[in-house]
Every structure is written in structure tokens, then in C-alpha cells.
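In: Give me a model of this one.
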Amino acid sequence: MVHGDGGQRESADLILRRNVKQSADAFQIYRGLDLLTAKPDASTLAKAPHHLIGTTPLHEEMNAEKYRRAASRVIDQIHSRGKPVIVVGGSGLYIKALAHGLAVVPESDPKLRAQLNAMSLDELRSQLTELDAESARKIDTKNRRRVIRALEISLLTGKPAFAQRAQWAVAASLCEARRVGVVTGQRSASHSEAATGGRDRRGARRWGNECDCFADDRSP
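Out: The predicted model follows:
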């Protein structure tokens, strides 16, 4: 699962030398937005198989647990063919979910989500502070999506979301740490320039087109 951090090229070279398989994720798991998420280019993809790139529609919500389940299925399939797996990391939460599992939290409830969506951000913050003061201090309360999800977990379970997220499951059936290799790294300046297409106006126009498509796809 490759996370968009600039490690794709280096890991693809490693895969080519070691005859291993590589999967992909982060925001790259969504369809479209190739430039904005710095998806691997054609030459990188040609070096080795990538998985979980462009598999999820923009309107579908992805989270760490959904990713863990999808990634585990891919890893099982690859290992059944006798191939090892490299996970190239950008999203620490997703890698932690894959390697160690997550505390079990409820899926989103449509009726409750609709009620929360109708509230202002100030109202959401106030309710979160009342129900789960620790989450209100720890999470980015300017991020409406994060505030709603924390509130949703607290309301559905009757327990603070922060405490539940801190309880990482360690059951062997969930743990992938010994079955994969993990590569992390910082995006180099040259890779950032090449990946974003920011070197010319054409790249900027393509960014704009991707943003327009994203807005259209996310509209109700």
C-alpha cells in the first residue's frame, strides 16, 4: 500500500530488484486527483504492481479500519502467490491500523450523521467538549469532519471517542507487522516538483480541473 510521500520510486526500484509486490494507499486510494495526491507515474507503475490506488470513489468515506480490512485482503492474495509485500508509508494512522489493529468503533449512523451535519461547527465543538473533553483538546476542532466523527462515536457508544481510539487491538489475527515491509520517507524537492506538475501553467490548470471534479463528485 503506497502512501503519497515520495517513496514510490525508491520502493519500486527495490521491488524490481527483489521481485516483491507493492500495494498503494493514502489519498491515492481515491479515483482521480492524480496530481494533487502525487500518484505514481506510468514509469513507476510499470516497474511493479501497485494495489489500492484509485479504487475508491471520491464520494465514499475511507477510514483507517476500512483501509486495514482492504489492505489485509490484498496482502492475503499476494502472499497466496508466494510474494512478499512492501508498504510505503505516508499515513501513520493507516500503517498503525494495518500493523497493530484498531480499537473497534461503530460505523457511521446515517440518521445521527444527518443531525450532526445540520449543526454549526460551534455547536458541534460545544457538544464535543461536554461529552469528550479530551478529544476536544486533542483533535483539530477546526476540522468539521473530525469533530463530527468524535461526537458520533461518543454518542453511539456512550464512551469518549478519545479513550476508545487509544485502545489499539493487538490480536494476532489483526496484526500485519510481521507479514509486510514498511518504507517511510520524506518527499524530495525534485519529486514534489515533478509529481505536482507545478513547474508550468499547464500543471496548474490540471490541478484546477481535478479540484472541480472533486467538488462535483462530493456534491449531494
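In: can we go C-alpha only for contacts and neighbour counts from here?
Out: Fine.
In: which secondary element of the protein has the worst mean pLDDT?
Out: The helix or strand of the chain with the lowest confidence, counting by mean pLDDT, DSSP states H and E, is helix 189-196 at a mean of 42.
In: What separation is there between Gly158 and Arg149?
Out: Relative to Arg149, Gly158 is positioned 14 Å away (C-alpha to C-alpha, to the nearest Å).
In: before we move on, what about Lys83?
Out: As judged by C-alpha to C-alpha, Lys83 and Arg149 stand 37 Å apart.
In: What of Thr129?
Out: 13 Å.
In: Next secondary structure element downstream of the helix or strand hosting Ala114?
Out: Assessed by DSSP states H and E, Ala114 sits inside helix 110-117. Counting by DSSP H and E, the element after helix 110-117 in chain order, helix or strand, is helix 121-131.
In: buried sites along that following helix?
Out: In terms of neighbour count (16 or more other C-alpha atoms under 10 Å), helix 121-131 has its buried residues at Leu121, Leu124, Arg125, Leu128, Leu131.
In: Now flag whichever of these is closest to Lys47.
Out: Nearest to Lys47, judged by C-alpha to C-alpha, of the buried residues of helix 121-131 is Leu121 at 45.9 Å.
In: domain parsing for this structure?
Out: Per automatic domain parsing, the domain ranges recorded for the chain read 8-102+170-218, 110-165.
In: Quick check: mean pLDDT of the last one?
Out: Rounded to a whole number, the mean pLDDT of domain 110-165 is 92.
In: Do I have it right that Val105 meets Gln164?
Out: Yes - counting by C-alpha atoms under 8 Å, Val105 does reach Gln164; the two are 7.4 Å apart.
In: Going along the chain, name the strands of this protein.
Out: Here the chain has its strands, by DSSP state E, at 21-22, 85-89, 181-184.
In: ok, of those strands, where does mean pLDDT dip lowest?
Out: Taking the mean pLDDT of each of these, the lowest value is held by strand 21-22, a mean of 46.
In: any idea how far Ala114 lies from Glu152?
Out: Between Ala114 and Glu152 the computed distance is 11 Å (C-alpha to C-alpha).
In: before we move on, back to that, more neighbours, Gly158 and Arg149?
Out: When Gly158 and Arg149 are compared for neighbours, Arg149 comes out ahead with 16 against 10, by other C-alpha atoms under 10 Å.
In: Now do stretch 51-65: distance from first to last residue.
Out: Its first and final residues considered, stretch 51-65 spans 17 Å by C-alpha to C-alpha.
In: Pull out the buried residues from that stretch.
Out: By 16+ other C-alpha under 10 Å, the buried positions in stretch 51-65 come out as His51, Leu52, Ile53, Gly54, Thr56, Leu58, Ala64, Glu65.
In: from memory the last one sits against Ala97, does it?
Out: Yes - under the criterion of C-alpha under 8 Å, Glu65 is in contact with Ala97, at a separation of 6.7 Å.
In: now the buried residues of stretch 51-65 in a markdown table, with distance to Asn143?
Out: Listed next are these as a markdown table, based on distance: C-alpha to C-alpha, whole Å:
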| residue | distance to Asn143 |
| --- | --- |
| His51 | 29 |
| Leu52 | 26 |
| Ile53 | 25 |
| Gly54 | 24 |
| Thr56 | 22 |
| Leu58 | 18 |
| Ala64 | 17 |
| Glu65 | 20 |
